[in-house]
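Any chance you could fold what I've pasted below:
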Amino acid sequence: MSRYLALYMGTLESAAQQEWENLSEDEKAKRSTRAMAAWEAWVEQHEAAITDMGGPLGKTLLASTSGISPTRNAIAAYVIVEADSHEDAARMFENHPHFAIFPGTGVEILECLPMPGA
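Numbers count the residues shown, from 1 in each chain. Predicted coordinates:
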């Protein structure tokens, strides 16, 4: 089994987020309740594969040769899973509530490779 880092993506500028912002507060609350129930069901379905539940992410700082500075990216949250293949890991996220109900733009799945020379 290999490990995969899944990044929940989304930006405030996305069409999905703009559509979400135009919903009534009542509709947002209903969708949020539905999405969290679907997310909990997703976790239960894949709990054996989840090695790090991860969670939401906050603001980003960039450390570089220029020093430390604030920056932006589209990463909203993460989770680490195990699967037999990259494709199997990606299939876990098909129709995930992050983008099927919530206004996320998708989930990027990256294989966690071994450290060279280790």
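
right, and T60 touches T71 too?
Yes. Under the criterion of Cβ atoms under 8 Å, T60 is in contact with T71, at a separation of 5.1 Å. In this view, the C-beta of every residue, glycine as well, is placed from N, C-alpha and C.

Now the least confident helix or strand in the chain by mean pLDDT: buried residues?
Within the chain, judged by mean pLDDT, DSSP states H and E, the helix or strand with the poorest mean is helix 15-21; its value is a mean of 91. Applying a neighbour-count criterion of 16 or more other Cβ atoms under 10 Å, the buried positions in helix 15-21 are Q17, W20.

And the contacts of the longest helix along the chain?
Longest helix in the chain, counting residues (DSSP state H): helix 25-46. By Cβ atoms under 8 Å, 6 or more residues apart in numbering, the list of residues contacting helix 25-46 from outside reads W20, L23, I50, M53, V81, M92, H96, P97, H98, A100, I101, F102.

ok, now with 10 Å
Counting contacts by Cβ atoms under 10 Å, 6 or more residues apart in numbering, the residues outside helix 25-46 that touch it are 20-24, 50, 53, 79, 81-83, 89, 92-93, 95-98, 100-104.
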